[in-house]
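Participant: Fold the following, please.
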Amino acid sequence: MLTFLASIMILLLGYFIYSKVVEKIFVIDDDNVTPAYKSKDNYDYMPMSWWRASLIQLLNIAGLGPIFGAILGALYGPVAFIWIVVGTLFAGAVHDYFSGMLSLRHNGVQFPTLVGKYLGKPVQSVMNILSIILMILVAAAFTSGPAQLMAEVTPLSFMTSLIIIFTYFLIATVLPINKFIGKVYPFFGAILIFMALAIGGGLFFFDNPVPNLTFTNLHPQELPLWPLLMVTVSCGAISGFHSTQSPILARTLKKESEGRKVFFGAMVAEGIIALIWAAAGMAFFNGTHGLQEALASGGPAGVVNEISKSTLGSFGGVLAVLGVIILPITTGDTALRSSRMMLADLLKGVNKKKENGRWTSMLLVIPVALPTFFLTQIDYTFLWRYVGWSNQVVATVMLWTATIYLLQNGKFHWICSVPALFMTGVVSSYIFYAPEGLSLPYNTSMILGAILWGVIFLWFIFQLIKYKPIYREVMNVKSIN
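Facilitator: Predicted structure coming up:
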């Protein structure tokens, strides 16, 4: 229990201290006119209170990610706490802050457009495709699971449940952000927080205490920590999906100083939620072997349901069912919303004319909604495996995008380049080892991953040399002033 409580405290302190360091390096200016006012269209661009934006951001980036991912990560034991804390503060929150603030500085553009500006058009072309594929995979994965549960707990069939969910998607995705998302999603975000706090309080009354830190890999199947843990627990530590969601709220901020609360703060909140569910998974089932058996019989949804019922009684059961249905659906719909924005950026502003904008948006939903619907027909676990790697590749590219931005402006780039190098190592080795990748032997995968990492590292050294004169010039100006 001590390790768990210390982890919570470190995340809270990290928000109050490190977030201000990151903000100081970025350099905010509340005199800048934000996209919410500069491009106000009462559709995607419109001012919104920071607390409402924070709850929506939390719901958009989280859903069931920090619950299901954390429970699966708990199989590795308390060492998962380290990744959640370190990943959240020094990678995930920094990633989310820069993806949101760079979008805000560039009039609310989506992630691929930012990539094109700082990493070049060829990389942007790849990220356009990969990002939209990721959105489709996320939407499909976060639709199939809820539809299956709806079919189990209601008289509705799986197909009927899918049609209902997709009808909602089409409506919510094209409505102005303040009509439904702005009004209802803060309430759903509050449900996510309430579930976590209730389970967190219940941890003190479980029969088995939360285990303290050990660096031993406790996974029952002895799967290696590196790099699997860093992909298994993504939304609770760092997730590229967040870089596609942050621009949605970047178009609503009233001033730049709100970015720290909305982007950095929501990620820290998600990290705390992940810690709570990881701890619950370890303690409730008396260790990783018991958790493995529970996952084998009921999957992550069954684990959430059992913990919630035992902790909160019948009310907890209802809450768990609502959470497992509602939370992923809201993530799925914002995935489609952001993919619609990506297509609009890709088509170079076809949505600029306000009188045609909403009809254009409706049409842009179709190319992503149709493949999403067809992908819901295949196995959920198969979908989720491919979400994992593509998700972390997007996160890595976003960190490199932020690194180049800092280098070009002569700022302290290490807050982004160090986690970028780390995540490059993760995705480089994972794709060679994972079953959904090349499924090579572990040692071979690590060697090939190290070679690929070395190539990226050489490119990074070249960037340092390229932008060194700019850094020196900025430092000279600061010393003179």
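Participant: Could you list the low-pLDDT ranges of the stretch 201-350 of the chain?
Facilitator: For the stretch 201-350 of the chain, residues meeting the criterion pLDDT under 70 lie at 348-350.
Participant: again, only this time at 50
Facilitator: 349-350 (pLDDT under 50).
Participant: can you map out the helices along it?
Facilitator: For the stretch 201-350 of the chain, helices defined by DSSP state H, counting those that start in this stretch occupy the ranges 225-232, 241-250, 259, 265-284, 288-346.
Participant: Need these in TSV (columns: mean neighbour count).
Facilitator: All C-beta atoms are positioned from the backbone trio N, CA, C, and that covers glycine. Shown next, in TSV, are those (neighbours: other C-beta atoms under 10 Å):
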stretch	mean neighbour count
helix 225-232	22
helix 241-250	29
helix 259	30
helix 265-284	28
helix 288-346	21
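Participant: what's the closest of the ones you listed to E23?
Facilitator: Among these, helix 259 comes nearest to E23, with 7.6 Å by C-beta to C-beta.
Participant: packing partners for that closest one?
Facilitator: Judged by 3 or more C-beta pairs under 8 Å, 6 or more residues apart in numbering; DSSP states H and E, helix 259 is in contact with helix 93-105.
Participant: Just tell me which of the helices of the stretch 201-350 of the chain ends up closest to F187.
Facilitator: Of those, nearest to F187 by C-beta to C-beta is helix 288-346, at 10.0 Å.
Participant: so which of the helices of the stretch 201-350 of the chain gets nearest Q392?
Facilitator: So among those, helix 225-232 is nearest, using C-beta to C-beta, at 5.6 Å.
Participant: Please compute how far that closest one lies from its chain's middle.
Facilitator: From the chain centre to the centre of helix 225-232 is a distance of 16 Å (C-alpha atoms, centre = their mean, to the nearest Å).
Participant: And that helix, what does it pack against?
Facilitator: helix 65-73, helix 79-87, helix 380-408, helix 414-433.
Participant: Let me know the average pLDDT across the second one.
Facilitator: Averaging the model's pLDDT scores along helix 79-87 yields 96.
Participant: Quick check: buried residues in it?
Facilitator: The neighbour-count check on helix 79-87 (16 or more other C-beta atoms under 10 Å) flags 79-81, 83-87 as buried.
Participant: is it possible to export these to JSON lines including distance to F264?
Facilitator: Formatted as JSON lines, the buried residues of helix 79-87 follow (distance: C-beta to C-beta, whole Å):
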{"residue": "V79", "distance to F264": "25"}
{"residue": "A80", "distance to F264": "22"}
{"residue": "F81", "distance to F264": "20"}
{"residue": "W83", "distance to F264": "19"}
{"residue": "I84", "distance to F264": "16"}
{"residue": "V85", "distance to F264": "15"}
{"residue": "V86", "distance to F264": "15"}
{"residue": "G87", "distance to F264": "14"}
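Participant: quick revisit: of the helices of the stretch 201-350 of the chain, which approaches A36 most closely?
Facilitator: When those are compared (using C-beta to C-beta), the closest one is helix 241-250, at 8.7 Å.
Participant: which is the next helix or strand following that closest one?
Facilitator: Later in the chain than helix 241-250, the nearest helix or strand by DSSP states H and E is helix 259.
Participant: How far does that next one sit from its chain's centre?
Facilitator: Per C-alpha atoms, centre = their mean, the centroid offset for helix 259 relative to its chain is 16 Å.
Participant: for stretch 73-81, same thing?
Facilitator: 19 Å.
Participant: what do you get for stretch 8-18?
Facilitator: On C-alpha atoms, centre = their mean, the centre of stretch 8-18 falls 19 Å from that of its chain.
Participant: what comes into contact with it?
Facilitator: 85, 88-90, 93, 264-265, 268, 271-272, 275 (C-beta atoms under 8 Å, 6 or more residues apart in numbering).
Participant: Make JSON lines out of those and add distance to N208.
Facilitator: Output for those, formatted as JSON lines (distance: C-beta to C-beta, whole Å):
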{"residue": "V85", "distance to N208": "22"}
{"residue": "T88", "distance to N208": "25"}
{"residue": "L89", "distance to N208": "28"}
{"residue": "F90", "distance to N208": "31"}
{"residue": "A93", "distance to N208": "31"}
{"residue": "F264", "distance to N208": "34"}
{"residue": "G265", "distance to N208": "32"}
{"residue": "V268", "distance to N208": "27"}
{"residue": "G271", "distance to N208": "23"}
{"residue": "I272", "distance to N208": "21"}
{"residue": "L275", "distance to N208": "17"}
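Participant: and the two most separated of those residues?
Facilitator: F264 and L275 (16.8 Å).
Participant: of the helices of the stretch 201-350 of the chain, which approaches I129 most closely?
Facilitator: Of these, nearest to I129 by C-beta to C-beta is helix 288-346, at 9.7 Å.
Participant: Next one: G317 from L346, what distance?
Facilitator: G317 is 44 Å from L346, where distance means C-beta to C-beta, to the nearest Å.
Participant: Please apply the same query to N212.
Facilitator: 49 Å.
Participant: swap in I165?
Facilitator: 26 Å.
Participant: so who does the spatially closest residue to Y430 that is not a sequence neighbour touch?
Facilitator: The shortest distance from Y430 to any non-neighbouring residue, by C-beta to C-beta, 6 or more residues apart in numbering, is to P227 (4.5 Å). Applying C-beta under 8 Å, 6+ apart, we find P227 in contact with 425-427, 429-430, 433, 449.
Participant: And L452, which helix or strand is it part of?
Facilitator: Counting by DSSP H and E, L452 is found in helix 442-480.
Participant: between that helix and helix 414-433, how many degrees?
Facilitator: Put simply, helix 442-480 runs at 170 degrees to helix 414-433, going by axes from the mean of the first three to the mean of the last three C-alpha atoms, to 10 degrees.
Participant: Pull out the buried positions in helix 442-480.
Facilitator: 445-446, 448-449, 452-453, 456, 460, 463, 467, 471.
Participant: coming back round to it: so which of the helices of the stretch 201-350 of the chain gets nearest T113?
Facilitator: Closest to T113 of the helices of the stretch 201-350 of the chain is helix 288-346 (C-beta to C-beta; 4.9 Å).
Participant: just to revisit the earlier point, distance-wise, check the residue nearest to Y430 relative to S429.
Facilitator: Using C-beta to C-beta, we find P227 at a distance of 5 Å from S429.
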